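Colleague: Below is the sequence, then the predicted model.
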Amino acid sequence: MRPFRLHEPTTVQEAASALAGSGGGAALYAGGTELLLAMKSGLLAYDTLINVKSIPGLDAVSADGDSIVIGASATHSAVEHDPLVRERLPLLSEVEHGVANLRVRNVGTLAGNLCFAEPHSDPATLLLVYEAELDVAGPSGSRRIAVGDLQTGSYETSLGPDELLTAVRVPAFPSGMRAAYSKFGYHHRPTLGIAAALAVQDGVVADARLALGCVSPVARRLSRSEDVLRGERIDALTEDSAVLREACRLASEDADAVEDMHGGVDYKEHLVRVFMERTVLRALARNGGGDG
Amino acid sequence: MAEAQDTLAVAFELNGVPVEASVEPQTPLIDLLRERFGLTGTKRSCDVQVCGACTVLLDGAPVSSCTVPAFEVRGRAVLTVEGFAADESASPLIEAFVNNAAFQCGFCTPGMLLAAKSLLDADPAPSEDVIKDYMRGNVCRCTGYKKIVEAVHEASEAGR
């Protein structure tokens, strides 16, 4: 690996200033599980890494009203095992447990995963149905964006060259919402990720949140499939029911699947149809048990 | 405001002994362990955190030393397979690996032992499913895993 210098700021403002002053020669380091692999292989090279883990308190997980606020240097393992996350966001804990392997989870961070913007990410997909928000800081202050507004392409985000993600804010699902996440793949990273969260009132789907990731460069909500499910009686949503089949067909149409090392477009569209059905049924089967 | 550094002093506990070294930011932990301290039980294999051959315990938690920078160990405790094997508490796990022929070429074994130790420290009587889930990030190309799972079970409270 090409030599680099290590900058260890003690405040978010110092980190943002270091980024701003680097003219693109610096990158943020929050665990390095993705960044350092790209640097080792020579795909990326930076003169300086800015270690956000040296900023005190940035690894905290705390409650703010209905949301859990996950600091930028909280590792996947810390999120998975955090008591607040396990109690209020059990599906996030479950999905974090499935990320990569134990060693990566012990070092890699949730915020780093989002900011590296690798298209095959479980959390980036799941957080869309949680309708999470992100706190972003720059030299002149901070702003809050929807998680869906972060990633703009493969390895590309909307963050400015002098901005850093400081916290991921995840609201708990409204009570009565049933949720599930499915992943599939034969590689180290998932080929497909699907998240479904369905609010059920009086036996009817009152609200539906569906997200699809990994099959295309950017994870997305599937609004046409959500519209199809909304208002349907849940006892009519069975395997091979016409309504569910239509929601799955629309999901594969809206996937914008791309061919990559994980497979071709037809294959991925087929996976989307199969796993969308399974995920919706699995979410509904979590009868009143919150999102667990 | 802190200045960017091109060398860093690292003081940490290595296999129970306080040590110090000077490293460059890009030095991975495995190079510090193997080249500076001569601890060659830690194996480099995939070099991308997938295989687990380079597993060491950092404050008790498994990490991939092929990629974790050496500067991350400042003020922390690193356990390699040498330090583990020198401890009496390692005997049941090592004997169980021998009894069950849970290795052939042995290249994955240091990582397997440390992952298993970390599991048994957290959960002294894990189920077979828990063992498989916990160990799934450690790859073996010889045994087919059955014997490794059986060895970890035998070394656990449930298997004795």
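Modeller: All right, it came through fine. Numbering: from 1, shown residues only, chains lettered A, B, ... in the order given.

Colleague: Spell out which residues of chain B are next to chain A.
Modeller: Contact residues (CB under 8 Å from any CB of the partner chain) of chain B with chain A: B:1-6, B:8, B:24-26, B:28, B:47-50, B:52, B:55, B:58, B:61-64, B:67-69, B:71-72, B:115, B:134, B:136-137. C-beta: built from backbone N, CA, C; applies to glycine.

Colleague: helices and strands around the helix or strand that contains residue A:14, which ones?
Modeller: For residue A:14, the element it lies in under DSSP states H and E is helix A:12-20. With contacts taken as 3 or more CB pairs under 8 Å, 6 or more residues apart in numbering or on different chains; DSSP states H and E, helix A:12-20 sits against strand A:26-29, strand A:48-51, strand A:133-138, strand A:164-171.

Colleague: With only the CA atoms kept, save the last one in CSV.
Modeller: Pointing back at strand A:164-171 there. Backbone C-alpha positions of strand A:164-171 (Å, rounded to 0.1, in the frame of the first residue of the first chain) are rendered in CSV as follows:
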residue,chain,number,x,y,z
LEU,A,164,-18.9,14.1,6.8
LEU,A,165,-21.7,11.9,8.0
THR,A,166,-21.8,12.2,11.8
ALA,A,167,-24.8,10.2,12.8
VAL,A,168,-27.5,7.9,11.5
ARG,A,169,-30.9,8.6,13.0
VAL,A,170,-33.3,5.6,12.8
PRO,A,171,-36.9,6.0,13.9
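
Colleague: and it, which strands flank it?
Modeller: strand A:67-71 (antiparallel), strand A:133-138 (antiparallel) (DSSP bridges).

Colleague: what's the answer for the second one, then?
Modeller: Applying DSSP bridges to the sheet, strand A:48-51 is found paired with strand A:5-7 (parallel), strand A:26-29 (parallel).

Colleague: contact partners of that strand?
Modeller: Outside strand A:48-51, the residues within contact range by CB atoms under 8 Å, 6 or more residues apart in numbering or on different chains are A:4-9, A:15, A:18-19, A:22, A:25-29, A:32, A:35, B:4, B:25.

Colleague: Apply 6 Å and report the result again.
Modeller: Under the contact criterion CB atoms under 6 Å, 6 or more residues apart in numbering or on different chains, strand A:48-51 has outside partners A:4, A:5, A:6, A:7, A:8, A:15, A:18, A:26, A:27, A:28, A:29, B:4.

Colleague: about what we covered before: can you flag the buried ones in the residues of chain B next to chain A?
Modeller: Among the residues of chain B next to chain A, those classed as buried by neighbour count (16 or more other CB atoms under 10 Å in any protein chain shown) are B:4, B:8, B:24-26, B:28, B:47-50, B:52, B:55, B:58, B:61-64, B:67-69, B:71-72, B:115, B:134, B:137.

Colleague: Quick one: end-to-end distance for stretch B:62-76.
Modeller: Across stretch B:62-76, the terminal residues are separated by 13 Å (CA to CA, to the nearest Å).

Colleague: Using the three-state scheme, assign the closest residue to chain B within the stretch 151-292 of chain A.
Modeller: Per CB to the nearest CB, the residue of the stretch 151-292 of chain A with the smallest distance to chain B is residue A:188, at 5.4 Å. In three-state terms, and counting by DSSP: H, G, I helix; E, B strand; the rest coil, residue A:188 is coil.

Colleague: Residue B:45 now?
Modeller: Assignment for residue B:45 (three-state DSSP): coil.

Colleague: Could you list the low-confidence segments of chain B?
Modeller: For chain B, the stretches with pLDDT under 70 are B:1.

Colleague: Determine which residue lies closest to the centroid of it.
Modeller: Per CA atoms, centre = their mean, the C-alpha nearest to the average position across chain B is that of residue B:56, at 2.8 Å.

Colleague: Report the contact partners of residue 134.
Modeller: You didn't pick a chain, so chain A it is. A:145, A:147, A:150, A:165, A:168.

Colleague: wrong chain, I was asking about chain B
Modeller: residue B:119.

Colleague: try residue B:93
Modeller: Neighbours of residue B:93 in contact, by CB under 6 Å, 6+ apart: B:116, B:155.

Colleague: quick one: the residue of the stretch 101-250 of chain A found nearest chain B and residue A:36, what's the gap?
Modeller: Per CB to the nearest CB, residue A:101 is where the stretch 101-250 of chain A lies closest to chain B, at 2.6 Å. According to CB to CB, to the nearest Å, residue A:101 stands 16 Å off from residue A:36.

Colleague: could the contacts of strand A:48-51 be laid out in a markdown table, adding distance to residue A:265?
Modeller: Shown next, in a markdown table, are the contacts of strand A:48-51 (distance: CB to CB, whole Å):
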| residue | distance to residue A:265 |
| --- | --- |
| A:4 | 39 |
| A:5 | 43 |
| A:6 | 42 |
| A:7 | 43 |
| A:8 | 45 |
| A:15 | 40 |
| A:18 | 42 |
| A:26 | 38 |
| A:27 | 33 |
| A:28 | 34 |
| A:29 | 35 |
| B:4 | 45 |
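
Colleague: Looking at those, which is nearest residue B:111?
Modeller: The closest of the contacts of strand A:48-51 to residue B:111 turns out to be residue A:29 (CB to CB; 24.5 Å).

Colleague: near chain B, which residues of the stretch 51-200 of chain A show up?
Modeller: Residues of the stretch 51-200 of chain A lying near chain B by CB under 6 Å from any CB of the partner chain: A:101, A:102, A:103, A:104, A:106, A:107, A:188.
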